[in-house]
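**Q** just the structure for this:
(2 chains)
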Protein chains: 2
Amino acid sequence: MPHGGNLFRARALFPHAPEPWIDLSTGISPYSYPHSPIPGNAFARLPEPAAAERLKAIAAKAYSAPSSEHVAAGPGTQILLPIVAGLLGKANGEAASVLSPTYAEHARAARLAGFEVSETDDLNRIAEGRLAVIVNPNNPSGRIVSKSDLLSLASVMRAKGGLLVIDEAFMDVSEAESVASAVDQGGFVVLRSFGKFYGMAGLRLGFAMATPDIVEKIESRLGPWAVSGPALHVASEALADSAWQQAMRAKLNAEALRLDGLLAAAGITVFGGTSLFRFIRDPRAQVLFRHLGERGIITRRFEERSDDLRIGLPGDADWVRVEEVLRAI
Amino acid sequence: MPHGGNLFRARALFPHAPEPWIDLSTGISPYSYPHSPIPGNAFARLPEPAAAERLKAIAAKAYSAPSSEHVAAGPGTQILLPIVAGLLGKANGEAASVLSPTYAEHARAARLAGFEVSETDDLNRIAEGRLAVIVNPNNPSGRIVSKSDLLSLASVMRAKGGLLVIDEAFMDVSEAESVASAVDQGGFVVLRSFGKFYGMAGLRLGFAMATPDIVEKIESRLGPWAVSGPALHVASEALADSAWQQAMRAKLNAEALRLDGLLAAAGITVFGGTSLFRFIRDPRAQVLFRHLGERGIITRRFEERSDDLRIGLPGDADWVRVEEVLRAI
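**A** Next up, the predicted model:
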């Protein structure tokens, strides 16, 4: 299953492109959180259970979850997907629905858990099975499902002993839409990704928020020491740093508008996205992909939808090159 | 479930002990691998699939597995245990046996996968169920099951569609006993821990080796980017550094003998262990635990077996204090 962030594949596709590559194929922020130096002990020793508990408390506050007992932390959201899809036990061909098109790993995880998966773009059909998955805001479209709609869907799922998975991987840039504060209502799990907004995807850290009984089940699968020492160190600082978060939200928002402006000047209308990536649905998407790729700028195309293209944000040092290349189209 | 490496608990048990604590409660080497600086990109970017492939090739060579297709890499062996125990599908109360006493997480993982678990110290009974687990060398006893016995057991398990899990977490110090080179025979999975021998437990990195079809199943559960950027960087260097490995094996071996000498002088006989930890079975185990603990040296006791004690190796800077405290008993 192809994903963004693969420079090896970019080089193979565009062997004559100038180096270094500018990687706009993900929705990961180009600005890494400026953490304090990671002490050697964080690498050497087993992570202390007390430090993991502390991170959960900080995460609960940052994400507005009711308490640290409503938070499970794991080595990346990705590894949590099959665990969360398996929370209802092994499904024997029962129905699961994924609001689509979206991040493809959700459907794969549900299939691993034994579900027969339908991908639908109709919110009214999402609660038809026993498992429902909504990425919110959606990746790549940026579509946002309202909190009230999500909580109604969660009630429906809970009433029939099902589960709604709400993947808020890109919610840091539109925090007001998060339903993490309502997890005690039951019937749903909220996923949060650390690496994207904090520009630290290599650390591997993700969270699942739900009622404490569900959190306990997730943690029993993860076992002790699920989060690395370096991730505990960095995230305990970053998630508590609301001043940095606020400034970064504003910066990313401004830069997303700047990118929209450049694309508009090139005659390409942005269809959606979040302030961590822009989403284009345009007959010229493939032309744009190649124009950028040949000039060492890789974006994310989608095999099955040739009009779609996702473009991440360049970092400070890369804007000049991106502007030049977009002006030359 | 209590584990070693918890200084928070040590402080609660011995509130008047002098700081800093010397942590001998794990089997993690006190000597961290001297890796080159980790580049910022390793933290910021999603780990490149090509870098993960490269690590698997290096690991296959280091552990003598037939090829990189026989190796799965994950964020710590711990998180692999429920995945491996679940390889046979959801067990409905079928029997699993764990050669015991041993690392308690294996029995827990097998129960999570639906097995009815018996813990036995009889190698002749280990293959009675559909899943069998042997930690080799065993933790904490250091007992080693021979390669020929393991491969016979694997044949028995394979013949009945079962699986033998061989946890070689401490095998780096007695590499000749590893069965990783024979995984193509089928019927078994070999687990290796990176953090212990390389003194890098905070990184979270572990490997599973088996036939490629089993490796693929494990990787489908892990999903992409299972290993962090820092772990890819450090382990790709460390696992290829056979000169360091050889020197470290000799050093740890010499220091294990030094610790044995100190314990013998205190009238305590070492019952077993590996050169990453020593194992005591002695009526004075609790006295020793408290004598050391009150003086800021924490070791690993076992709730259910009061004569047992596991003692890890001190690092260069800690030997003087450990010697003084052991001489004063």
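
**Q** quick one: residues contacting the nearest residue to residue A:116 once chain neighbours are set aside.
**A** Of all residues not flanking residue A:116 in the chain, residue A:93 sits nearest, at 4.9 Å (Cβ to Cβ, 6 or more residues apart in numbering or on different chains). From N, CA and C alone the C-beta is placed, and that goes for glycine too. Neighbour list for residue A:93: A:114, A:115, A:116 [criterion: Cβ atoms under 8 Å, 6 or more residues apart in numbering or on different chains].

**Q** you'd agree the first one is up against residue A:95?
**A** No. Under the criterion of Cβ atoms under 8 Å, residue A:114 makes no contact with residue A:95, lying 11.2 Å away.

**Q** quick one, what contacts the residue in the stretch 51-200 of chain A that chain B sits nearest to?
**A** Per Cβ to the nearest Cβ, residue A:75 is where the stretch 51-200 of chain A lies closest to chain B, at 3.9 Å. If you count contacts by Cβ under 8 Å, 6+ apart, residue A:75 has them with A:204-206, A:226-228, A:231, B:75-76, B:79, B:204, B:226, B:228.

**Q** now do 7 Å
**A** Residue A:75 makes contacts with A:204, A:205, A:226, A:227, A:228, B:75, B:204, as judged by Cβ atoms under 7 Å, 6 or more residues apart in numbering or on different chains.

**Q** also residue A:47?
**A** Contacts of residue A:47 (Cβ under 7 Å, 6+ apart): A:225, A:227, A:228, A:229, A:232, B:202.

**Q** can you show me the helices along the stretch 1-150 of chain A?
**A** A:7-13, A:40-44, A:49-63, A:77-85, A:105-112, A:147-159 (DSSP state H, counting those that start in this stretch).

**Q** near residue A:322, how many other residues are there?
**A** 21 (other Cβ atoms under 10 Å in any protein chain shown).

**Q** let me fix that, I meant to ask about residue A:88.
**A** Using other Cβ under 10 Å, residue A:88 has 17 neighbouring residues.

**Q** what does residue A:249 give?
**A** Neighbours around residue A:249, by other Cβ under 10 Å: 16.

**Q** quick check: it vs residue A:134, distance?
**A** Using Cβ to Cβ, to the nearest Å, we find residue A:249 at a distance of 22 Å from residue A:134.

**Q** and stretch A:302-313, which residues are buried?
**A** A:308, A:309, A:310, A:311, A:312, A:313 (16 or more other Cβ atoms under 10 Å in any protein chain shown).

**Q** closest to chain B out of these?
**A** Taking Cβ to the nearest Cβ as the measure, chain B lies nearest residue A:312 of the buried residues of stretch A:302-313, at 11.4 Å.

**Q** roughly how far does the nearest residue in space to the closest one that is not next to it in sequence sit from residue A:14?
**A** Using Cβ to Cβ, 6+ apart and skipping the chain neighbours, the partner closest in space to residue A:312 is residue A:24 (4.1 Å). Per Cβ to Cβ, residue A:24 is found 13 Å from residue A:14.

**Q** go on, residue A:28?
**A** Taken as Cβ to Cβ, the span from residue A:28 to residue A:14 is 21 Å.

**Q** number of nearby residues for residue A:156?
**A** 15.

**Q** next: residue A:176.
**A** Neighbours around residue A:176, by other Cβ under 10 Å: 6.

**Q** do the same with residue A:16
**A** Counted by other Cβ under 10 Å, the residues lying close to residue A:16 total 6.

**Q** give me the distance between the closest residue to it other than its chain neighbours and chain B.
**A** Leaving aside its chain neighbours, residue A:16 sits nearest to residue A:294 (7.1 Å; criterion: Cβ to Cβ, 6+ apart). Using Cβ to the nearest Cβ, to the nearest Å, residue A:294 is found at 21 Å from chain B.

**Q** and what of residue A:204?
**A** 4 Å.

**Q** list the contacts for that residue?
**A** If you count contacts by Cβ under 7 Å, 6+ apart, then residue A:204 has A:75, A:76, A:231, B:75, B:225, B:228 around it.

**Q** determine which two of those residues are furthest apart.
**A** Checked with Cβ to Cβ, the contacts of residue A:204 reach their widest spread between A:231 and B:225, with 13.2 Å between them.

**Q** the more surrounded of these two?
**A** The neighbour comparison of residue A:231 against residue B:225 (other Cβ under 10 Å) goes to residue A:231, with 33 against 25.

**Q** check which helices and strands the host helix or strand of the more buried one sits against.
**A** Under the criterion of DSSP states H and E, residue A:231 resides in helix A:229-238. Applying 3 or more Cβ pairs under 7 Å, 6 or more residues apart in numbering or on different chains; DSSP states H and E, we find helix A:229-238 packed against helix A:40-44, helix A:49-63.
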